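Student: Below is the sequence, then the predicted model.
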Amino acid sequence: MIRMRRLAAFAAVTVGAWMVIAVLSAYQHHNIALLRGRDSSFTIELLEKFVGCLIFACVTPAVVYGALRIRNVFLLALFGLTMSWLRAEMSPMIYSWFHGFHPPWTLEWRIALTCQDALFFAGLIAATKYVDALREASRRRNTQAALLADLERARLQRLRADLDPHFLFNSLTAVAALLHADVAAAERMIRTLRELLERSFDWASSAEIALSEELDFLERYLEIQQTRFGERLRVEVDVDRDVRGASVPPLLLQPLVENAIVHGVARRTQPTRVSIRAHREAGRLHLEVRNTAAPEHASSTRRTIGLPNTAGRLQLLYGARQTFALRRDADDVIAVVTMPLAGVSA
């Protein structure tokens with residue numbers, strides 16, 4: 001059905017274009033005849049040009065088909081000249097129909113009309129080749145873009161899949177630490193962990209979620225860690241209301257908080273603060289996770305496996321439009337993410 005519609009549209013455009021040329025040509029020839037003092041009927045001129053251009057319209061699909069199928073330049077030129085000669089041979093017959101006599105049909109006239117028609121067909125062939133080249137270039141770009149998108153989607157899914165067992169392993173480690181010390185707390189942690197895993201699986205095919213969903217997930221994750229570390233873990237969350245609907249990759253903040261806990265809270269005996277902030281900055285989403293580092297790591301910015309994973313996912317999703325950095329500020333280690341602000345009114 002679509003193919004038939006395209007063919008019908010092509011036929012309509014072809015006939016319409018040649019009919020416009022017929023009107024313009026008839027008007028030109030009629031005025032030239034009047035200027036030279038000859039009798040001329042615009043109606044007859046118009047009918048003659050209509051018939052001539054209708055032949056062109058009928059031949060055009062063959063020329064277009066030949067231009068698309070014939071790759072050899074010599075054969076293409078021979079094809080165009082043949083079509084031009086056939087069209088030129090019909091000219092005296094058409095002329096005699098409307099003017100009542102057969103014009104002198106010398107070799108010079110044959111050559112002149114053949115060359116004239118050859119110019120039309122050469123232009124048509126060149127236009128067909130040009131449009132075909134543009135269409136082929138567009139097809140290749142679309143194919144390449146689709147392949148790159150599939151590749152990036154596969155890489156993103158692989159990175160996302162790598163994160164799930166890593167998250168599960170670290171969460172089970174936290175649960176194992178309480179199994180013999182506080183069975184009730186361990187059971188609560190297992191229930192919370194099950195909920196987190198269910199939500200993580202629900203997000204498996206999602207490239208982005210709302211920041212509010214990520215924060216809710218992070219709150220449940222921190223319940224597990226709070227049960228494990230007690231008063232040693234102090235959490236501060238400062239998120240502007242107007243960015244809670246912003247779009248972010250799933251499990252964006254959790255690896256950053258995990259890194260803060262592993263290299264901060266877990267290595268210190270005194271209470272350690274982990275701060276999570278999110279706000280709009282210069283029309284972009286600014287995310288920050290800050291923690292106090294252990295003294296023996298005061299000069300380093302060590303990373304868990306989740307951080308390279310997060311950096312890779314951000315790069316795949318946003319390219320140069322995002323930044324991710326891990327830096328020090330006195331005794332604190334700060335993970336900073338900036339990315340496009342989408343999903344909320346800018």
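Tutor: Here it is on my side, so go on. Numbering: from 1, shown residues only.

Student: what about residue 179, which SS state?
Tutor: Assigned state for residue 179: coil (three-state reduction, DSSP: H, G, I helix; E, B strand; the rest coil).

Student: Tell me if I'm right that it and residue 186 touch.
Tutor: Yes. At 4.9 Å, residue 179 counts as touching residue 186 under the criterion of C-beta atoms under 8 Å. Heads up, the C-betas are built off the backbone N, CA and C, glycines and all.

Student: now the helices: where do they sit in the protein?
Tutor: Ranges of helices in the chain, per DSSP state H, are 2-35, 42-69, 73-89, 91-99, 107-176, 183-202, 211-229, 253-263, 306-318.

Student: for the ones you listed, which one sits closest to residue 279?
Tutor: Set against residue 279 and scored by C-beta to C-beta, the helices of the chain come closest in helix 211-229, at 10.9 Å.

Student: and the angle for the closest one with helix 253-263?
Tutor: If you take axes from the mean of the first three to the mean of the last three C-alpha atoms, to 10 degrees, helix 211-229 sits at 20 degrees to helix 253-263.

Student: buried ones in helix 211-229?
Tutor: For helix 211-229, a neighbour-count test (16 or more other C-beta atoms under 10 Å) marks 211, 213-215, 217-218, 221-229 as buried.

Student: show me what contacts residue 90?
Tutor: With contacts defined as C-beta atoms under 8 Å, 6 or more residues apart in numbering, the neighbours of residue 90 are residue 55.

Student: Tell me how far it lies from residue 44.
Tutor: Using C-beta to C-beta, to the nearest Å, we find residue 90 at a distance of 18 Å from residue 44.

Student: quick one: the most centrally placed residue in the chain and residue 138, what's the gap?
Tutor: Centroid check for the chain by C-alpha atoms, centre = their mean gives residue 145 as the closest residue, at 6.8 Å. Computed as C-beta to C-beta, the residue 145 to residue 138 distance reads 10 Å.

Student: Enumerate the beta-bridge partners assigned to residue 281.
Tutor: Here residue 281 sits in beta bridges with residue 284, going by DSSP bridges.

Student: For residue 125, report the pLDDT, please.
Tutor: Residue 125 is assigned 79 on the pLDDT scale.

Student: Go ahead and confirm it touches residue 63.
Tutor: Yes. Using C-beta under 8 Å, residue 125 makes contact with residue 63 at a distance of 6.4 Å.

Student: so what sits against both of those two?
Tutor: By C-beta under 8 Å, 6+ apart, the residues touching both residue 125 and residue 63 are residue 80.

Student: more neighbours, residue 179 and residue 186?
Tutor: Neighbours per residue, other C-beta atoms under 10 Å: of residue 179 and residue 186, the larger number sits with residue 186, 19 against 13.

Student: So what sits opposite residue 336 in the bridge?
Tutor: Applying DSSP bridges to residue 336 yields these beta-bridge partners: residue 288, residue 325.
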